[in-house]
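Chemist: okay, predicted coordinates and the sequence, questions at the end:
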Amino acid sequence: MRRFQGIAAVAIVAAAAVAFASAQGASRGVSVVRGSDSIKGTAGNAGKRYAICIGVNNYEDAEIKDLEKARNDAVGLGAALKAGGQFDAVFVMTDDVDPRFDAQRAYPRLANIRGRLAYLRDFIRPEDLVVVTFSGHGVADDTGASYLLAADSRNSDPYETGLPVQEIVDWLAGLRVRKALLAIDACRVSVTTRASRGAAPASIRAEQYEKAEVAAVFFATKTGWFSFEDLETEYGIFTRFLIEGLGGKADYQYGNRDGIVTFRELGGFVEDAVSSYALGLGLKQRPYTRVLGEAYGDLALASYSASVDVASRSVPAPEGTVRGGYGSARVFSNVAGRLLVDGAPYASLERGRRLTVDDLPAGPHFIEIDHEFGSFKKEVAISDGQRSDVVNLVVLGDRPPRVAAGTAFAYVPGDASTPGFWLGESEVSFGQFAEFVGRSGYVAKGAWARYYQPAFEMYPVIHVTWEDCVAYAAWLSKKSGLRVGLPSSAQRELAAAGRPGDAYPWGADWEPEFCHGADSAAQGALPVVGRSGPVQEQFPGMDVTIGGLSHMAGNVREWCSDRKASSDGAELAAVGGGSWRLSRPKYFAAGYSSFARITSSEDDLGFRVALLGD
């Protein structure tokens, strides 16, 4: 049985329309939602309420990359919990405190964080609610154990100078509290400011804490994916939607509109809202949330009061707002389902094909897709003469992701001719290949080093020969204790199809803007030729398979394990996929492959690895 791991969505473009919406407009109304003056008076929510919100922008170690909005995350969450959450005590620890005059020990060095945990141990009782949030950098060791980097952590020894996440979990267990939320945004895109030739710690692993005795665990992104700072607000994307959810959206869009935001409502809202927003921008971020509602009841986090538009599930615009005109919504889903607009059934939605909803009055609307794996929900703003693109990208997995030596693998189910196997979720990056060369002393045959800079560590490595790729896989095998190699062309073809029979990761139809090719708009492209080149692995756009593999259609072509001799006796190896240099649809299809000399070293040719015989 497939395990549901997440959903995603959004974007915006332009067009116009007039008819379905007028019927919908008649069903609209305003519902007044009133919150509770005392959350503690609601069933199951007695006891005091405590929160610790930690945010680190500037690290003392110059080798750890500073952030811009982690500090704002802590302050914003602290304010939201104190206001709507009716918390008795909220302790905000941020690095803008001068450590020389820190009588309250609010500067987030490791000793102060541990001191705050120890201090609260004497006050918290089992019936109390406890929230711990962290925004900053985090790393994981080879065993998967995760560490949060305090302001005084050192890049040279992050595990000894960081705070183990397990230490917080054990602290909560020791308190015997049954109402606790651990929210962590510590998978920011890059930790170090220098090359990853020395220690290259992996990002933290959300799934590591699935069995922790904590009522709820929210991570900003799943294992192997990334966390981003928001360009529209002063927060990280994850925190932005946590705050919006606490402010009421989690209840009136995803819950029962009773004026109370619960753990489960907040988890559902954050997963959908962050995934939708991030993937609409082409970013690879999908939260991981886990709520033990069955064990502990649905727990209240915040209360709010608002007037809610019943149809669009949004707060109506203030009086005097200029309205009028019509727009449209173009909806795409990589799974078939039933489309609802403002709560009313609209049409059946075919997998992998777009459907346009015309004649929507300007203003907010609520789009829902009920499908075999769950449901997708999205509030969409419609403007006069504009078209809003709504994209539902369901990512599933027969099994949870597997992480070996910092590389995330997704399971690819087999078919009649190819057994199931594990394939790297992303192409091997410059940073990963640089670590291999630095640690092993290997002298590469390709010209990869000509393009490598520390700032490029998240881009797929290029200019590597087939033998370079095989050498990397052998080194990773030794490091991980697993058999690692290149996938065969048959394996890659199976993995690159979104569903059996699909030509592309997103479905049957060619959509040039869905992957990175010569005709797509590059975002953060590596400047190989002018401003053109491959994009970073965290920018897949819609080039994500239903199994969670990114850039299987475009970005760079990939070496495979198959070999043969050419007519002149030269040794050739298979190459699969399209690239930033190509534009013809056939090159991006799952079933397309070609051959190149194993000594080839090209600026649109890289690789990914697979687990062999496992």
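Modeler: In hand now; what should we look at?

Chemist: what's the helix or strand containing Q432 packed up against?
Modeler: Using DSSP states H and E, Q432 maps to helix 430-440. When contacts are defined as 3 or more Cβ pairs under 8 Å, 6 or more residues apart in numbering; DSSP states H and E, helix 430-440 packs onto helix 466-480. C-beta coordinates here come from the backbone N, C-alpha and C atoms, glycine included.

Chemist: now the helix it packs on, how far from the centre of its chain.
Modeler: Its chain's C-alpha centre and that of helix 466-480 lie 28 Å apart, by Cα atoms, centre = their mean, to the nearest Å.

Chemist: and it, what other elements does it pack with?
Modeler: Judged by 3+ Cβ pairs under 8 Å, 6+ apart, helix 466-480 is in contact with helix 430-440, strand 484-485.

Chemist: partners of the shortest one in the sheet?
Modeler: Using DSSP bridges, the strands paired with strand 484-485 are strand 610-611 (antiparallel).

Chemist: quick one: average pLDDT of the strand it pairs with?
Modeler: Mean pLDDT, computed over strand 610-611, is 96.

Chemist: burial check on A347, number of neighbours?
Modeler: A347 has 13 neighbouring residues, counting by other Cβ atoms under 10 Å.

Chemist: could we number from 44 for the rest of this?
Modeler: Got it, first residue is 44 now, which makes that one A390.

Chemist: these two touch, right, it and L398?
Modeler: Yes: using Cβ atoms under 8 Å, A390 and L398 qualify as a contacting pair, with a distance of 6.2 Å.

Chemist: between the two, which contacts overlap?
Modeler: Common neighbours of A390 and L398 (criterion: Cβ atoms under 8 Å, 6 or more residues apart in numbering): L382.

Chemist: send the alpha carbons of the helix holding Q475 over as PDB?
Modeler: These are the backbone C-alpha positions of helix 473-483, laid out as PDB (Å, rounded to 0.1, in the frame of the first residue of the first chain):
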ATOM      1  CA  PHE A 473      29.100  19.800  -7.000                       C
ATOM      2  CA  GLY A 474      29.300  19.800  -3.200                       C
ATOM      3  CA  GLN A 475      28.900  16.000  -2.900                       C
ATOM      4  CA  PHE A 476      31.500  15.400  -5.600                       C
ATOM      5  CA  ALA A 477      33.900  17.900  -4.100                       C
ATOM      6  CA  GLU A 478      33.600  16.100  -0.700                       C
ATOM      7  CA  PHE A 479      34.500  12.800  -2.500                       C
ATOM      8  CA  VAL A 480      37.500  14.300  -4.200                       C
ATOM      9  CA  GLY A 481      38.700  16.000  -1.100                       C
ATOM     10  CA  ARG A 482      38.300  13.000   1.200                       C
ATOM     11  CA  SER A 483      39.600  10.300  -1.200                       C
END
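
Chemist: buried residues, it. List them.
Modeler: Judged by neighbour count (16 or more other Cβ atoms under 10 Å), helix 473-483 contains these buried residues: F473, G474, Q475, F476, A477, E478, F479, V480.

Chemist: picking that back up, can I get the helices and strands packed on helix 509-523 in CSV with distance to G634?
Modeler: CSV is the format used below for those (distance: least, Cβ to Cβ, whole Å):
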stretch, distance to G634
helix 473-483, 28
strand 527-528, 22
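
Chemist: any idea which of those gets closest to F631?
Modeler: Of all the helices and strands packed on helix 509-523, it is helix 473-483 that lies closest to F631, at 22.9 Å by Cβ to Cβ.

Chemist: same question for that closest one, mean pLDDT?
Modeler: In this model, helix 473-483 has an average pLDDT of 94.

Chemist: still on that earlier bit, now the helix holding Q475, how far from the centre of its chain.
Modeler: Distance, stretch centre to chain centre, for helix 473-483: 25 Å (Cα atoms, centre = their mean).

Chemist: tell me the one among the buried residues of helix 473-483 nearest to D562.
Modeler: Closest approach to D562 among the buried residues of helix 473-483 (Cβ to Cβ): F473, at 24.8 Å.

Chemist: the strands in the stretch 544-657 of the chain, which residues?
Modeler: Applying DSSP state E, counting those that start in this stretch to the stretch 544-657 of the chain gives strands spanning 600-608, 614-619, 636-640, 648-649, 653-654.

Chemist: ok, G325 touching G584?
Modeler: Yes: between G325 and G584 there is a contact at 4.2 Å, judged by Cβ under 8 Å.

Chemist: more neighbours: which of the two?
Modeler: Remark: of G325 and G584, G584 carries more neighbours, 29 against 20, as counted by other Cβ under 10 Å.

Chemist: need the contact list for the more buried one.
Modeler: Shown in contact with G584 (Cβ under 8 Å, 6+ apart): L322, G325, E556, F557, C558, H559, S563, Q566.

Chemist: for these, work out which two are farthest apart.
Modeler: Spatially, the most separated pair among those is L322 and S563, at 15.3 Å (Cβ to Cβ).

Chemist: looking at those two, which is more packed in?
Modeler: When L322 and S563 are compared for neighbours, L322 comes out ahead with 26 against 21, by other Cβ under 10 Å.

Chemist: do you know how far that one is from R445?
Modeler: Counting by Cβ to Cβ, to the nearest Å, the gap from L322 to R445 is 23 Å.

Chemist: shaky segments in this protein?
Modeler: For the chain, applying pLDDT under 70 flags the ranges 44-72, 78-80, 230-257, 266-267, 335-341, 360-366, 440-441, 564-568, 573, 657.

Chemist: domain assignment for it?
Modeler: Structural domains assigned to the chain are 46-70+350-439, 88-347, 441-654, following automatic domain parsing.

Chemist: which of those sits closest to R77?
Modeler: Comparing the domains of the chain by Cβ to Cβ, domain 88-347 comes nearest, at 5.2 Å.

Chemist: can you give me the end-to-end distance of that closest one?
Modeler: Start to finish, the residues bounding domain 88-347 are 16 Å apart (Cα to Cα, to the nearest Å).

Chemist: for F312, which non-adjacent residue is closest in space?
Modeler: Closest residue to F312 apart from its sequence neighbours, by Cβ to Cβ, 6 or more residues apart in numbering: A293 at 3.8 Å.

Chemist: what element comes up after the helix or strand hosting the one you found heading to the C-terminus?
Modeler: A293 belongs to helix 293-295 when elements are defined using DSSP H and E. As assigned by DSSP H and E, the chain's next helix or strand after helix 293-295 is strand 303-305.

Chemist: isn't R114 up against G98?
Modeler: Yes: using Cβ under 8 Å, R114 makes contact with G98 at a distance of 4.3 Å.

Chemist: and these two? Which one has more around it.
Modeler: Per other Cβ under 10 Å, whichever of R114 and G98 has more neighbours is G98, with 30 against 23.

Chemist: ends of stretch 496-506, what's the gap?
Modeler: OK, stretch 496-506 end separation, Cα to Cα: 14 Å.

Chemist: which residues touch it?
Modeler: The contact list for stretch 496-506 (Cβ under 8 Å, 6+ apart) reads 232-233, 235-239, 469-477, 489-491, 493-495, 569, 571, 576-581, 594, 598-599, 644-650.

Chemist: now it: buried residues?
Modeler: Neighbour-count burial for stretch 496-506 flags F499, E500, M501, Y502, P503, V504, I505, H506 (criterion: 16+ other Cβ under 10 Å).

Chemist: for A105, state which of these is nearest.
Modeler: Using Cβ to Cβ, E500 comes nearest to A105 of the buried residues of stretch 496-506, at 17.3 Å.
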